[in-house]
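A.B. asks: let's see this in three dimensions:
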Amino acid sequence: MLLCFARVSAEDNTVSSLQAAPSVQRYQDNWDSFGDYRTPEWYQDAKFGIWPHWGIYSVPAFRGEGTFPGEWYGRGMHGVKKGPETRPKKNDDAIINDFYDERGIGQAEHHQKVYGGVEKFGYHEFAALWKAEKFDADQWAELAIDSGAKFFCMMAHHHDSFSLYDSDLTEYDSVNKGPKRDLCREMKEAVTKRGLKFGLSNHMAWNPVFFHFYHTNYKHLPDYGQHTDLYSKGRSDQAFVDRWWARTLEAADKLQPDLYYFDWGWHGGLFKSGGYHPRFAAHFYNNAVDQGKGTYGDPGVVMCCKDHDDPADKLTRDIERGRMGSIQSNVWQTDTSISVHSWGYAVDDEYHSVDYLIETLVDVVSKNGVLMLNFGPKADGTIPAEYRDRLLSMGEWLKTNGEAIYATRPFSIYRDALDRREIKVRYTRNKANTVLYATASDWPGETLTLKSLNTSQVGDLEINSVHLFGVDQELQWEQDNEGLQIETPQQPNAAPAYSFKIQFAENVPSPKK
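C.D. replies: From the prediction side, this is the model:
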């Protein structure tokens, strides 16, 4: 047996070997075979993408108590309120199910009042009511462009397993039911022709748990067991995992996304013991190489996963509605929503302010992260003003300040503190390491003092120029042991944040630790 040892350089993707390497290297079903995986340059540069939670749950558009979201309607509508005597013990895994049962009971009460209860109207019957009659993929794609997003992620299937593409493996998809359209395909065509990258999200692994209350409380229904393609059989056994695996590969192969995002649900049990994480990564990366998107070591695609037991240098770690506390050596992602409680559209939700969303983007990018921001369309395919207006406002801010966000890399530190504690400063730099960007979360007043750039920490600075984005004039500055002090111009129009560009004569210096 002839053994060849090869290594892929993350810098130039060249292959060096002790003997001639095979012409085409392949990823195998284990993490050891992944070598020096490199996050695609396009993703490192993109920084910001958007995606919708949209499906048959958008028809009732009703959320439960507290943070029980509207897209969980298929779970909550099957709940039955139970007394304390039926509550599982604290260390019983079922306590989670019982807890969610109580929070989602409002959806069960709503379903009884509006639709006559589960006995008269099952969750699967919402498929016929979902028409998406006003959906226009080009309008959505234009909104993505206007928001400043560089990629668009479409949902392949949520926890209810209803697919938004033309599936050969289930009748419960948007071509056979409801809209009678391949929604994912339409969105891919609309965004890619505008130069955006296209992603898919997969939430199906949680399907048996999602419909736990259906299987617990409604086995007496005459049609129970007739819609397992949607509801599953209530068990995360090998038969279900095989079904999930086939649908997971089908979506990837049919739509060939640039990014594939996995939600919770496949981080334990048979998913973990069966090695499905590296198995999918190998399949996805190899296919990308075959399609010419990249090479071994740099396949040109992104796999996002919330299981932080997976190696961070082989895929992209994701944090839901959260952030990293420091700069990460590997690119990571946070996914969050414009809406506070739900991800899908719900009639009585609350919404984050534009200031909060911009602050989130700036903070995430300063720590080597990427933001994927959710919006919730209505069932008819229109996008509510609460989402649209905020996305457009983000786009307006990025038109002025985007240079401090796109195609940047993290500085050696991500933040600087001003005397006014309510103002935060986040740093980024350009790839050439000749420009430092400092973004302040509020107007700093007459002077912006960057304390980390004081003479004792960085020495005497050699600065060519300092500018504030949106203002033509060059700004005056001086440096002392208090920091780099920038004289600000008259305050421009109020904005969620203000980005300053500091052009150095040579490389950006790093403060002493």
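
A.B. asks: residue contacts, the nearest residue to residue 129 once chain neighbours are set aside?
C.D. replies: Excluding its sequence neighbours, the residue lying closest to residue 129 (CB to CB, 6 or more residues apart in numbering) is residue 59, at 4.8 Å. (Each C-beta comes from the backbone N, C-alpha and C, glycine too.) When contacts are counted by CB atoms under 8 Å, 6 or more residues apart in numbering, residue 59 touches 126, 129-130, 379.

A.B. asks: cool, and residue 291?
C.D. replies: Listed by CB under 8 Å, 6+ apart, the contact set of residue 291 reads residue 256.

A.B. asks: show me where the stretch 51-200 of the chain has its helices.
C.D. replies: For the stretch 51-200 of the chain, the helices defined by DSSP state H, counting those that start in this stretch cover 73-76, 94-103, 105-115, 126-129, 137-147, 183-192.

A.B. asks: to clarify, my last question referred to the stretch 401-513 of the chain.
C.D. replies: So, for the stretch 401-513 of the chain - with DSSP H, counting those that start in this stretch - the helices run 455-458.

A.B. asks: only C-alpha atoms, please: export stretch 320-330 in CSV.
C.D. replies: Extracted in CSV, the C-alpha atoms of stretch 320-330 (Å, rounded to 0.1, in the frame of the first residue of the first chain):
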residue,chain,number,x,y,z
GLU,A,320,-28.7,31.7,18.9
ARG,A,321,-29.8,35.1,20.3
GLY,A,322,-26.4,35.5,21.9
ARG,A,323,-22.8,36.6,21.3
MET,A,324,-19.2,35.6,22.0
GLY,A,325,-17.6,37.5,24.9
SER,A,326,-14.3,38.0,23.1
ILE,A,327,-12.5,37.9,19.7
GLN,A,328,-12.5,34.3,18.4
SER,A,329,-9.7,32.9,16.3
ASN,A,330,-12.3,31.1,14.1
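
A.B. asks: now do the buried residues in it.
C.D. replies: By 16 or more other CB atoms under 10 Å, the buried positions in stretch 320-330 come out as 324, 327.

A.B. asks: try stretch 380-396
C.D. replies: So, applying 16+ other CB under 10 Å, buried residues of stretch 380-396: 381-384, 386-388, 390-396.

A.B. asks: can you lay out the residues you listed as TSV showing secondary structure, pLDDT and distance to residue 461?
C.D. replies: What follows is the buried residues of stretch 380-396, written out as TSV (DSSP: H, G, I helix; E, B strand; the rest coil; pLDDT from 0 to 100; distance: CB to CB, whole Å):
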residue	secondary structure	pLDDT	distance to residue 461
381	coil	99	53
382	coil	99	51
383	coil	99	46
384	coil	99	48
386	helix	99	44
387	helix	99	43
388	helix	99	43
390	helix	99	37
391	helix	99	38
392	helix	99	38
393	helix	99	34
394	helix	99	32
395	helix	99	33
396	helix	98	32
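
A.B. asks: tell me the one of the residues you listed nearest residue 341?
C.D. replies: Nearest to residue 341 among the buried residues of stretch 380-396, counting by CB to CB, is residue 386 at 12.5 Å.

A.B. asks: which stretches of this structure have low pLDDT?
C.D. replies: The model of the chain has pLDDT under 70 over residues 1-23, 83-101, 417-422.

A.B. asks: and it, what are its domain boundaries?
C.D. replies: 46-404, 411-504 (automatic domain parsing).

A.B. asks: winner for burial among the ones you listed?
C.D. replies: Highest mean neighbour count of these: domain 46-404, a mean of 19 (counted as mean count of other CB atoms under 10 Å).
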